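**Q** what's the 3D shape of this:
(one chain, ligands or ions: 1)
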Amino acid sequence: MATAEIAGFDARWLTLREPADHAARNPDVAAALAARMAGADTARVLDLGCGTGSNLRGTCHLLPARQDWTLVDHDPALLGKAREVLAAWADQAAETTSGLRLAKGSRDITVSFRRADLTEGVLPLMDPVPDLITASALFDLISVDWMETFADDLALHRVPLYAVLTFDGAMRIDPSQADDAAVFAAFAEDMRRDKGFGPAAGGEACRELHRVFDRWGFDITMGASPWVLPAGSLASELLTGVAQAVRGRLPEGVAEGWLAARAAAPRVVVGHTDILCWPA
Ligand SMILES: C[S@@+](CC[C@H](N)C(=O)[O-])C[C@H]1O[C@@H](n2cnc3c(N)ncnc32)[C@H](O)[C@@H]1O
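**A** I've put the predicted structure just below:
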């Protein structure tokens, strides 16, 4: 889930969610990527909306021994944080003219950081053409029109996509209560707000991604990657963000009353989907 609604995209929120994001990833989709990449010695990867670099940390073990990542975001503070967090995460890190060179386990990874606005599309970022485009928790904030052009560009250059943790519209609290449905419906509506790409696909994003790549005959592997959150800081921050997002969409006091009753819920489930689209 791209969760601009919850906490913007601040580094603290991205750090809080990273362990849940990595744990939620669908193992079959990950294995399909690893199998596709198995014969390669190197991979040039373009990561869209990189935040603090979580997707590199969660994906590099699926890719060949030598990797060259370009991390793209429009937020310079997040790009700076990504550099800092990746250097601390690696077994060894050295500064290079364009970014970092990292050793992590058996992987030799170069990383460059690029500030760019994705609303302008990916073509300007595809020189040189990458072997793989990745994104984590991004596509639910993107519009269907943007996805259509994106799929056209990837089909033209025969570039695969691995996109993880796209919100699929499903939210649940166990045990459920009567007003959960109204709050989650209002939240789903809020997720469709325009974040600069046109009306966001929100909970329809993975179905739309499947449709636009299927149109070009890509071989597609999809699988569920839900967050299943016990009571704790991530669940509580998520529910607080949901209540804030829906406040103006529900009668006065409903969101606050709901949060007071649900803040310490024992289990929150947020549906996501991972997808691998490979050019036929
Ligand atoms: C939910 S965060 C996900 C970050 C990271 N991929 C992760 O999984 O932790 C979405 C990211 O997309 C970036 N983003 C949003 N709109 C963007 C745009 N128009 N151009 C570039 N990056 C954008 C945000 O700055 C943020 O880092």
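**Q** wait, what's in contact with the spatially closest residue to Asp41 that is not a sequence neighbour?
**A** Leaving aside its sequence neighbours, Asp41 sits nearest to Pro64 (C-beta to C-beta, 6 or more residues apart in numbering; 5.5 Å). All C-beta spots, glycine's among them, are computed from the backbone N, C-alpha and C. With contacts defined as C-beta atoms under 8 Å, 6 or more residues apart in numbering, the neighbours of Pro64 are 37, 40-43.
**Q** gap between Ala90 and the ligand?
**A** Applying C-beta to the nearest ligand atom, to the nearest Å, the value for Ala90 to the ligand is 17 Å.
**Q** Ok, Val111 next?
**A** For Val111, the distance to the ligand - C-beta to the nearest ligand atom - is 14 Å.
**Q** and the helix or strand containing that residue, how far out from the chain's middle?
**A** Taking DSSP states H and E as the criterion, Val111 maps to strand 107-115. Strand 107-115 sits 18 Å away from the centroid of its parent chain (C-alpha atoms, centre = their mean, to the nearest Å).
**Q** contacts for the helix or strand that that strand is followed by?
**A** Going down the chain from strand 107-115, the next helix or strand is strand 132-136, by DSSP H and E. Residues outside strand 132-136 that contact it (C-beta under 8 Å, 6+ apart) are 21, 37, 43-49, 51, 54-55, 58-59, 63, 122, 154, 159-165.
**Q** how about strand 132-136, does it reach the ligand?
**A** Yes - shown here: strand 132-136 in contact with the ligand (C-beta under 6 Å from any ligand atom) through Ser136.
**Q** Show me what secondary structure element comes after that strand.
**A** helix 144-157.
**Q** pull the CA atoms of that next one into CSV?
**A** Output of helix 144-157 as CSV, limited to C-alpha atoms (Å, rounded to 0.1, in the frame of the first residue of the first chain):
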residue,chain,number,x,y,z
VAL,A,144,-4.8,3.8,-14.9
ASP,A,145,-3.8,6.2,-17.8
TRP,A,146,-0.3,6.4,-16.5
MET,A,147,-0.1,2.6,-16.2
GLU,A,148,-1.3,2.2,-19.9
THR,A,149,1.6,4.4,-21.1
PHE,A,150,4.0,2.6,-18.7
ALA,A,151,3.0,-0.8,-20.1
ASP,A,152,3.4,0.5,-23.7
ASP,A,153,7.0,1.8,-22.8
LEU,A,154,8.0,-1.5,-21.2
ALA,A,155,6.5,-3.6,-24.1
LEU,A,156,8.4,-1.5,-26.6
HIS,A,157,11.7,-2.0,-24.9
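**Q** can you state the direction angle for that helix and strand 132-136?
**A** 160 degrees (axes from the mean of the first three to the mean of the last three C-alpha atoms, to 10 degrees).
**Q** so for helix 144-157, what's the average pLDDT?
**A** For helix 144-157, the mean per-residue pLDDT is 98.
**Q** Show me what the helix or strand following that helix pairs with in its sheet, parallel or antiparallel.
**A** Of the helices and strands lying after helix 144-157 in sequence (DSSP H and E), the nearest is strand 161-174. Strand 161-174 has the following strand partners under DSSP bridges: strand 132-136 (parallel), strand 267-278 (antiparallel).
**Q** Give me the subset of the contacts of strand 132-136 that also touch the ligand.
**A** Okay, of the contacts of strand 132-136 touching the ligand (C-beta under 6 Å from any ligand atom), that's 21, 49, 51, 54-55.
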